[in-house]
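A.B. asks: My questions concern the predicted model and sequence given below.
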Amino acid sequence: MDQLRSRDASLWFGLLLVALGVLFLAGQVFHFDLGRYGWPFFVAAPGVALLAIAVSARSLAWLAVPGTIVLVTAALLFVQNLTGLWATWAYAWALPALGGTGLGIAVQGWLTRRRDLARGGFRIMVAGAAIFVVGLVFFEGVLHVSGRDLGLAGRVAGPALLIVAGLLLVAERVRRPASKS
């Protein structure tokens, strides 16, 4: 089992400190309220640390999975914090739960040179994106959970996306027959 290389770890930790310093300095110079808008970066920090460790040591590549879940969650929280659209959790959970997990598995596969993991991770990401889109269409287009009207384009584009996604799934299934297990 390979050891975490201290040079790599210190490099990543140093880059993290520089990024935090730049963020804090920007907050002071531009009078940016970090408490109001920047708190998702503190959620992201452990994800960055886990991902840095995963990149630094091949035997710890599995840490990419929790790292990307935390990072995708932090990105989602950042967007929701900026927009105030907290009700989107009704369907946006699919992004960190499946999208982040799939991304982490794909990164793990890339780091360990295992194409099967990378492909499987990509499929999980696609499933997460599909669940997100279906949820978006239902919760925003039908139930209007965020209280915003998507307009005619949203009412037509949402169902059209579902139709296209369904046709793609059917075409993929027809193109590739079931394997005998």
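C.D. replies: The structure has been received and is ready for your questions.

A.B. asks: For residue 66, give me its contacts.
C.D. replies: 47, 50, 104 (Cβ atoms under 8 Å, 6 or more residues apart in numbering). Backbone N, C-alpha and C define where each C-beta goes, glycine included.

A.B. asks: Name the residue closest to the centre of this structure, please.
C.D. replies: Nearest to the geometric centre of the chain sits residue 72, at 3.3 Å (Cα atoms, centre = their mean).

A.B. asks: Excluding sequence neighbours, find me the nearest residue to that residue.
C.D. replies: Distance criterion Cβ to Cβ, 6 or more residues apart in numbering; nearest residue to residue 72, sequence neighbours excluded, is residue 100 at 3.5 Å.

A.B. asks: Check residue 44 too.
C.D. replies: Residue 44 sits nearest to residue 74 (Cβ to Cβ, 6+ apart), 3.6 Å away.

A.B. asks: model confidence over the helix or strand containing the one you found, on average?
C.D. replies: Element membership for residue 74, per DSSP states H and E: helix 64-83. Predicted confidence along helix 64-83 averages 96 (mean pLDDT).

A.B. asks: same check, this time on stretch 49-57
C.D. replies: The average pLDDT within stretch 49-57 is 90.

A.B. asks: that older thread, ok, the residue nearest to residue 44 to residue 177 distance?
C.D. replies: Between residue 74 and residue 177 the computed distance is 41 Å (Cβ to Cβ, to the nearest Å).

A.B. asks: from what I can see residue 139 touches residue 145, true?
C.D. replies: Yes - in terms of Cβ atoms under 8 Å, residue 139 counts as a neighbour of residue 145; the distance is 4.7 Å.

A.B. asks: what touches both of these two?
C.D. replies: The contact sets of residue 139 and residue 145 overlap at 87, 88, 90 (Cβ under 8 Å, 6+ apart).

A.B. asks: Give me the more crowded residue out of residue 74 and residue 177.
C.D. replies: Remark: of residue 74 and residue 177, residue 74 carries more neighbours, 22 against 7, as counted by other Cβ atoms under 10 Å.

A.B. asks: Now stretch 45-64: buried residues?
C.D. replies: By neighbour count on 16 or more other Cβ atoms under 10 Å, the buried set for stretch 45-64 is 45, 47-57, 60-64.

A.B. asks: taking the residues you listed one by one, which sit in helices?
C.D. replies: Applying DSSP state H to those, the entries found in helices are 45, 47, 48, 49, 50, 51, 52, 53, 54, 55, 56, 64.

A.B. asks: Relative to residue 94, which of those is nearest.
C.D. replies: When those are compared for distance to residue 94 (Cβ to Cβ), residue 47 wins out at 17.8 Å.

A.B. asks: Now that closest one: closest residue in space, sequence neighbours ignored.
C.D. replies: For residue 47, ignoring the flanking residues on the chain, the nearest one in space by Cβ to Cβ, 6+ apart is residue 70 at 3.1 Å.
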